[in-house]
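Student: build me a structure from this.
(2 chains)
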Amino acid sequence: MNLPRAGRAPGLGAVLFPAFGLLLAIPLAGAFAPILDGGAARNLARAFSDPRFARSFGYGVSQAAASAVLAALVGIPGAFLLAKRRFPGKRFLSALSAVPFCVPPLIIAIGFVLYYGQEGALNRALVSAFGLSEPPLRFLYSFWGVVAAHGFYNFPVVMRFVADAWAGSPKRHEDAARLLGASEPRVFLTVTLPSILPSLGAAMSLVFLMCFYSFVIVLLFGGPGVGTPEVELYRAARFEFDRPLASSFALVETIVAMSALAAYGAFERRAAGDRRDSERGPSTGFRTVRGALAAALYGAILLVCFVGPLAAIVAESLTIRTASRGAWGFGLGNYASLLSRRGFGVAVVNTAALGLASATLASATGFALSIGLKRTRSPILSKVLPLLPLGVSSVVLAYGWSAALGRPSVFALAAVQAVSAYPFALRAIQSSVGLSDERYADAARSLGSSPLGATLRVRLPIAAPSIASGFALAFAMSAGDANAMIAAPVGGFETLALLLYRLAGAYRLNEACAAAVLLAMATGFIFFLKDARDGLS
Amino acid sequence: MLNHSILARRLGLALLCALASLGFSCVQKDDSQLVVYAYDSFASEWGPAPIVIPAFEKATGIKVELVVPGDAGQVLARAIDEKDAPVADVIVGIDGNLLPKALAAGVLSPYAPKGRETVPASLVLDSQWRLTPYDWSSFCIMWDSEKLANPPASLEDLTKPEYARKLILMDPRTSTPGLGFVAWTASVYGSGLSEYWKRLEPSILTMSPGWDTGYGLFTSGEAPLVISYTTSAAYHAEYETAGRYKAIEFAEGHPVQVEGAGIVAKARHRKAAEAFIDFMLTSEFQSALPTTNWMYPAVDGVGLPASYAASPKPAKTLAYDPAGLDDAVAAALGALRAR
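Tutor: Prediction:
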């Protein structure tokens, strides 16, 4: 069946494609418009000549790069285990993937303080175990504290991306190499490694981006006076009331991020190409005792370094502090007072409504784009559009919306969150739309179906499971996000994530930790369902 | 196609929810209303708003729409953005550091409120009454007496080796007390500011993004000294029996933070706004502040709760010029980086 290409109306995509463009274009125009105030060239020159400009970019780039390397070192063994081995606790390891998307950075920061801090659980344990007079671990408030927090926060991104590639790396190629006499290390270096490298590169670029935009963790642990572009942007906008300068920072920050994004895009395209001829081999048990021991050691390191801070948050949520703060006990009191808080129910409903709205937007856009991208021949559209949101911080988007609309609105919040989440939804959806055969859609067309009908009756049902995955991911990301709401608060509209921030800000740390545990359980449950649905075993 | 129709229904439901959430963003406007912009902790359920707003509505019959753009900086930023067509009638939370920026932008209009004679002259920041002060407190270093035996007695003491990594500050770029500490050092050290910060650097454990995070680190024992307000001691006295956390008085004197409210230029509900500013100086409003905002009332003769006995009133108050503060911040941060 050969329809002339020009005659194929893109259907649904034609509507959603430009509509999505607006979701991004409106806030960006709003955010960057002030740069024209007094001449863009002059404002940019002013920004570049400010010494804090170069300093903040230097620090931002170096900490993000070091964090990406650490995340890769911690993530790769986990990826191997997820992809190739069966073992108890595999589901738990896989569920950690939810952490970078669903646990707010403030909570990670609090967890690190409660665990690695001067008075943290680990230091207290070491002091009492070895009879020391001073806490031995002192790296937290330094460059390496930032890198450790970022690296452990984001290693699940590397783990998940690489595991997907590893699980799909064609076993028959490895077998062929072995048959031809290649040693195991050689098989790994020449066959396996090339098949996971694109995913590793993509994941590291992504972690770099997430750390480049990090705010709370950098300020808290980075040592006095440290600054990243995001911090300087905040200062210019909120304390100096210098909108043109803030816009200049935002623009350059976005451009730097775009280069990381270009790397991500290039890697991701190669990875997507590999996914097409992937085959999922069965995972096996451990073959050697040494392998099992190494895996156990890895698990122990993860438990001590990464699960520890998360457990410290759970412990804090169960801790009841009394009058002098010295005496304390355990109990569910924090949860009781949180649940009985006036406005808790409303926050739950709002979280769900906002999550549904942004996840619907994100997955609809992801679906439309995944079809549109298969058809478009414009390199700009197919390369830049799917990734653009990763290069723009949600704070910039939120500012842009409130500047463009004149006042913050819940719709803008949903749009900001949808735009931030859709590259991930798209990634999930693309894997199935990419695999689905256009012949079915063409067959439907030749049997008299309209273009829209072909999309609704053929493409949509085929992609439904992966759309559901994308939807779940976007929903979970929305539920855990408070950045957009802090940057552009909407009066009276509170979600669980925002409630958590307010509790932490109102000297109610234990209740904030309880809220964080509830939030993590809810989003973790969504991830669990998604995993079950994806057939990960 | 059973799956298909379920999916379509689910999508439909999700879209409906999306549309419903759109409806939240439309707020009804009413001519008899007063629109107040306030910062988040003022408006929170633990702040003064739940007490004073209903009291004002009851006393005057004016309906208040309380809008929370974020922290005090965001309150002012929003008012500046909307300068030509203001939505707010009153903005609450402008302090001494923000005032020059508010005045330069021309967002405030003068109003001399009833009861202004009860406000001590030292708290009146603008002689034209474009800002009416409603509360104040002194910046000070709080001390955890269980973790540290000998507290410092001056800004200079803080630089001693015995206090290495024992002090938590807030970043002056993102936090009001952080900025207050820079102002404090600037008024004491003047041109020696940069040198002082170089000496101080080894004592600083971290500069947190906001007061809440930094003070949280302090109470979880990360360091025994933190920049806060003298009235923090009253908070601990109110809710915690033992006197573990104390406010230290420094020999050099202490700077004061004064918070005020003002009527927006071209406010749509001018009369209601004037009534609100008047109300802020009544004892009904003022007496709510000590235990909700944890600041001293601006009006003389308002009774304080017993816990305020724990909050020392510094013998010497330092004045500083907010206009030079941006340069002081740059000097302090520059000194930290020049290690």
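
Student: can you map out the strands along the chain?
Tutor: All of this refers to chain A. All strands of chain A, identified by DSSP state E, fall at A:319-321, A:328-330.

Student: try again with chain B
Tutor: Assigned by DSSP E, the strands in chain B fall at B:33-39, B:63-70, B:90-95, B:108-109, B:132-144, B:167-170, B:204-208, B:225-229, B:245-248, B:254-264, B:296-297, B:317-318.

Student: wait, which of the ones you listed is closest to B:Asn150?
Tutor: strand B:132-144 (9.8 Å; Cβ to Cβ). Quick note: C-beta positions are derived from backbone N, CA and C, even for glycine.

Student: what is that closest one packed up against?
Tutor: Packing partners of strand B:132-144 (3 or more Cβ pairs under 8 Å, 6 or more residues apart in numbering or on different chains; DSSP states H and E): helix B:176-189, strand B:225-229, strand B:245-248, strand B:254-264, helix B:270-280, helix B:283-286, strand B:296-297.

Student: for the shortest one, name the packing helices and strands.
Tutor: Helices and strands touching strand B:296-297, as assessed by 3+ Cβ pairs under 8 Å, 6+ apart, comprise strand B:132-144, helix B:289-292.

Student: the longest one now?
Tutor: With contacts defined as 3+ Cβ pairs under 8 Å, 6+ apart, the secondary structure elements packing on helix B:176-189 are strand B:132-144, strand B:167-170, helix B:193-200, helix B:211-219, strand B:225-229, strand B:254-264, strand B:317-318, helix B:325-337.

Student: can I get the ones you listed in CSV with mean pLDDT and mean neighbour count?
Tutor: Shown next, in CSV, are the helices and strands packed on helix B:176-189 (pLDDT from 0 to 100; neighbours: other Cβ atoms under 10 Å in any protein chain shown):
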stretch, mean pLDDT, mean neighbour count
strand B:132-144, 96, 24
strand B:167-170, 94, 26
helix B:193-200, 95, 18
helix B:211-219, 86, 23
strand B:225-229, 95, 25
strand B:254-264, 95, 24
strand B:317-318, 90, 15
helix B:325-337, 88, 19
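
Student: how far away is B:Lys58 from chain A?
Tutor: Distance of B:Lys58 to chain A, given as Cβ to the nearest Cβ, to the nearest Å: 20 Å.

Student: what's around that residue, how many residues?
Tutor: For B:Lys58, the count of nearby residues is 9 (other Cβ atoms under 10 Å in any protein chain shown).

Student: need the contact partners of stretch A:132-151.
Tutor: Residues outside stretch A:132-151 that contact it (Cβ atoms under 8 Å, 6 or more residues apart in numbering or on different chains): A:63-64, A:66-67, A:69-71, A:73-74, A:108-109, A:112-113, A:116-120, A:122-124, A:126-127, A:130, A:207, A:210-211, A:214, A:217-218, A:221-223, B:165, B:205-206.

Student: before we move on, the earlier item: as TSV, the helices and strands packed on helix B:176-189 with distance to A:Phe367 would be great.
Tutor: Converted to TSV, the helices and strands packed on helix B:176-189 look like this (distance: least, Cβ to Cβ, whole Å):
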stretch	distance to A:Phe367
strand B:132-144	53
strand B:167-170	45
helix B:193-200	55
helix B:211-219	40
strand B:225-229	51
strand B:254-264	46
strand B:317-318	62
helix B:325-337	47
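
Student: how about the contacts made by the residue lying closest to B:Tyr320 once chain neighbours are set aside?
Tutor: Sequence neighbours aside, B:Ser187 is the residue nearest to B:Tyr320 in space, at 4.0 Å (criterion: Cβ to Cβ, 6 or more residues apart in numbering or on different chains). Taking Cβ under 8 Å, 6+ apart, we find B:Ser187 in contact with B:255, B:318-320.

Student: could I get those residues in a markdown table, plus columns for distance to B:Glu45?
Tutor: Shown next, in a markdown table, are the contacts of B:Ser187 (distance: Cβ to Cβ, whole Å):
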| residue | distance to B:Glu45 |
| --- | --- |
| B:Pro255 | 30 |
| B:Leu318 | 34 |
| B:Ala319 | 35 |
| B:Tyr320 | 34 |
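
Student: winner for burial among the strands of chain A?
Tutor: Of all the strands of chain A, strand A:319-321 carries the top mean neighbour count, a mean of 16, counting by mean count of other Cβ atoms under 10 Å in any protein chain shown.

Student: for that one, give me every contacting residue.
Tutor: A:328-331, A:333-334, A:510.

Student: so among these, where is pLDDT lowest?
Tutor: Here the lowest pLDDT out of these sits on A:Trp328, with 66.

Student: contact residues of the stretch 1-150 of chain A facing chain B?
Tutor: Neighbours of chain B within the stretch 1-150 of chain A, by Cβ under 8 Å from any Cβ of the partner chain: A:51-52, A:55, A:106, A:109-110, A:113-114, A:117-119, A:138, A:141.

Student: where does the prediction get shaky in the stretch 51-200 of chain A?
Tutor: Filtered on pLDDT under 70, the stretch 51-200 of chain A yields no residues whatsoever.

Student: now do the helices in it.
Tutor: A:51-84, A:90-95, A:99-102, A:105-116, A:121-130, A:143-168, A:171-179, A:184-187, A:193-212 (DSSP state H, counting those that start in this stretch).

Student: out of the ones you listed, flag the one nearest B:Ala149.
Tutor: Using Cβ to Cβ, the nearest of these to B:Ala149 is helix A:121-130, at 18.5 Å.

Student: which strands and helices sit next to that closest one?
Tutor: Against helix A:121-130 (3+ Cβ pairs under 8 Å, 6+ apart) you get helix A:105-116, helix A:308-318.

Student: mind listing residues that contact that helix?
Tutor: Against helix A:121-130 from outside (Cβ under 8 Å, 6+ apart): A:114-117, A:132-137, A:304, A:308, A:312, A:315.

Student: now do it against helix A:308-318, angle only.
Tutor: For helix A:121-130 against helix A:308-318, the angle by axes from the mean of the first three to the mean of the last three Cα atoms, to 10 degrees is 100 degrees.

Student: domain parsing for the chain?
Tutor: Assuming you mean chain A. Taking automatic domain parsing as the reference, chain A has its domains at A:8-31+A:332-537, A:50-324.

Student: you answered for a different chain; I wanted chain B.
Tutor: Split by automatic domain parsing, chain B gives B:33-136+B:257-306, B:139-255+B:312-337.

Student: distance to A:Pro34 for the ones you listed - can I get that in JSON lines?
Tutor: Putting the domains of chain B into JSON lines (distance: least, Cβ to Cβ, whole Å) gives the following:
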{"stretch": "domain B:33-136+B:257-306", "distance to A:Pro34": "10"}
{"stretch": "domain B:139-255+B:312-337", "distance to A:Pro34": "19"}
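
Student: A:Ser169: which of those domains is closest?
Tutor: Per Cβ to Cβ, nearest to A:Ser169 of those: domain B:139-255+B:312-337, 42.7 Å.

Student: chain center to that closest one: distance?
Tutor: 16 Å (Cα atoms, centre = their mean, to the nearest Å).

Student: end to end on that domain, go ahead and measure it.
Tutor: In domain B:139-255+B:312-337, first residue to last residue: 25 Å (Cα to Cα, to the nearest Å).

Student: quick one: least confident helix or strand in chain A?
Tutor: helix A:379-384 (a mean of 60; mean pLDDT, DSSP states H and E).

Student: what comes into contact with stretch A:292-310?
Tutor: Contacts to stretch A:292-310, defined as Cβ under 8 Å, 6+ apart, come from residues A:74, A:77-78, A:81, A:85, A:87, A:89, A:93, A:96, A:99, A:103, A:108, A:111-112, A:114-116, A:121-122, A:152, A:155, A:286.

Student: buried among these? Need that as a selection in PyMOL.
Tutor: To isolate the buried subset of the contacts of stretch A:292-310 in PyMOL, counting by 16 or more other Cβ atoms under 10 Å in any protein chain shown, use the following:
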select buried, chain A and resi 74+77+78+81+85+93+96+99+103+108+111+112+114+115+116+121+122+152+155+286
